[in-house]
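>>> the sequence and its predicted three-dimensional model are supplied below.
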Amino acid sequence: MASKVVDLRSDTVTKPSEAMRAAMAAADVDDDVLGADPTAHRFEAEMAAVMGKEAALFVPSGTMGNLISVLVHCDVRGSEAILGDNSHIHVYENGGISTIGGVHPRTVKNNPDGTMDIDKIVAAIRHPDLHYPTTRLICLENTHGNTGGKCLSVEYTDKVGEIAKSHGLKLHIDGARIFNASVALGVPVDRLVKAADSVSVCLSKGLGAPVGSVIVGSKAFIDKARILRKTLGGGMRQVGVLCAAAHVAVRDTVGKLADDHRKAKALAEGLKKIEQITVDSASVETNMVFFEVMDPRISPDKLCQVLEQDNVLALPANSKSIRFVIHYQISDADVGYALACVEVCESLDPFPSFTVIAFDFSCDSTISCFQKAIKELLEGSTELGHSINGATKSSYGH
Ligand SMILES: Cc1ncc(COP(=O)(O)O)c(C=O)c1O
Ligand SMILES: C[C@@H](O)[C@H](N)C(=O)O
């Protein structure tokens, strides 16, 4: 029987539940390009209401959701979008807003809590000038993935919204994990995004849907987004199959996010007890845990490779740390097993001491000495290398 895999690579790795699969099979569908998939319409109306916006549009991915949103807001050539230098849109979306949309990114440093300093956002705003692109959009990310799933407060979001409005700009929130933020902050999700003109919500992350995101905003925004989705090849015909699963995900999994956060905290507290591990467990706000290995010889890649041998899957967060991401298909026992595996990895010497003896075979005497040494070895009278001229000895590991 295949041994269980504890997959902590991301919250994108969940498998659809039986309820999702049943809903997909039973979905009432039609051609959505011709504007008629009833399940898609129902789900989009449901999500618009949940998020407190006028309208919604199902899209195949969070990346496309962000791209469409930026392109709708920055629909004039020479537009600029202010976004975090460590944001998903800027780091992981192939520069799509530029390569496809011709939008210029104006990055502002992301703080360790996922925010961008308000004064730096204001300083980055550029109004029409012969020399500059024109700022038309500010993008936030909540929760913020690359800082470890940090939550942006509703107060901060409202403040950025006020700045956008006072400067005639729009505000987009990459809300891939907005439900995690809502649950962790105890703020209703529609209140958390009230200041935003658009939000991209991933259904395929912590909510556990097999595919897709939904973007929400004004009706005028969504009408333009629908056209852009088709332009980008996102017209999906009987998409109700996917929307049916997404509906089940929102219905069944939002209530489990708090437990994901609890398990992430427990994982961080457990990692804290392991000698060679550094983790700021107090900074764990949602479902992600970033930790470092003290031993400089064990890189994040190396530890992930070693853990994989024990069927624990993880990914490096960066050159220094590893990322564990909890989702609703990770149990408390899985957390305990992962901790035990990290502990074993840390106690094992990943690089046992060993000696390399290099020979200079261009030297004739080395060969005769080598032959002598082999003869002596076979007779058990010497250690290889000690009696060979031209041999250089190097030691690795401890
Ligand atoms: C914060 C954030 N935004 C957007 C995305 C993009 O979502 P997708 O992978 O569905 O394109 C991701 C990752 O998946 C993410 O972590
Ligand atoms: C890496 C990124 O694209 C993905 N959203 C994740 O967090 O796993």
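Yep, that arrived. Residues are numbered from 1 along each chain as shown. Ligands and ions are numbered 1, 2, ... in the order given.
>>> find the nearest non-adjacent residue to whichever residue of the stretch 1-150 of the chain sits closest to ligand 2, please.
Nearest to ligand 2, among the residues of the stretch 1-150 of the chain, is residue 10, at 3.2 Å (C-beta to the nearest ligand atom). No exception for glycine: its C-beta is placed from N, CA and C like everyone else's. With C-beta to C-beta, 6 or more residues apart in numbering as the criterion, residue 10 has its nearest non-adjacent residue at 5.0 Å, and that residue is residue 325.
>>> I'd say residue 337 and residue 312 touch.
Yes: counting by C-beta atoms under 8 Å, residue 312 is a contact partner of residue 337 at 7.2 Å.
>>> those two: which is more packed in?
More crowded of residue 337 and residue 312, by other C-beta atoms under 10 Å: residue 312, with 24 against 16.
>>> for ligand 1, see how far away the more buried one is.
Using C-beta to the nearest ligand atom, to the nearest Å, residue 312 is found at 21 Å from ligand 1.
>>> got it, and residue 219?
Residue 219 is 24 Å from ligand 1, by C-beta to the nearest ligand atom.
>>> burial count for that residue?
Counted with other C-beta under 10 Å, the neighbours of residue 219 add up to 11.
>>> and it, what does it touch?
Taking C-beta atoms under 8 Å, 6 or more residues apart in numbering, we find residue 219 in contact with 54, 55.
>>> and the residue nearest to residue 10, its phi and psi?
phi -120, psi 130 (degrees, to the nearest 10).
>>> would you confirm that it contacts residue 288?
Yes: using C-beta under 8 Å, residue 325 is in contact with residue 288, at 5.2 Å.
>>> which residues are in contact with each of those two?
Counting by C-beta under 8 Å, 6+ apart, the common neighbours of residue 325 and residue 288 are residue 149.
>>> any idea how many residues pack against the closest residue in space to residue 43 that isn't next to it in sequence?
Distances taken as C-beta to C-beta, 6+ apart place residue 243 nearest to residue 43, at 3.9 Å, with adjacent residues excluded. For residue 243, the neighbour count with other C-beta under 10 Å is 32.
>>> tell me which helix or strand residue 243 sits in.
Residue 243 belongs to helix 240-253 when assigned by DSSP states H and E.
>>> now for that helix, which elements pack on it?
In terms of contacts (3 or more C-beta pairs under 8 Å, 6 or more residues apart in numbering; DSSP states H and E), helix 240-253 is packed against helix 18-26, helix 38-51, strand 55-59.
>>> give me the helices and strands touching the next helix or strand after it, please.
The helix or strand immediately downstream of helix 240-253 is helix 257-272, counting by DSSP H and E. For helix 257-272, the packing partners by 3+ C-beta pairs under 8 Å, 6+ apart come out as helix 178-185, strand 277-279, strand 288-293, helix 332-347.
>>> at 10 Å instead, please
Here helix 257-272 touches helix 178-185, strand 277-279, strand 288-293, strand 321-325, helix 332-347, going by 3 or more C-beta pairs under 10 Å, 6 or more residues apart in numbering; DSSP states H and E.
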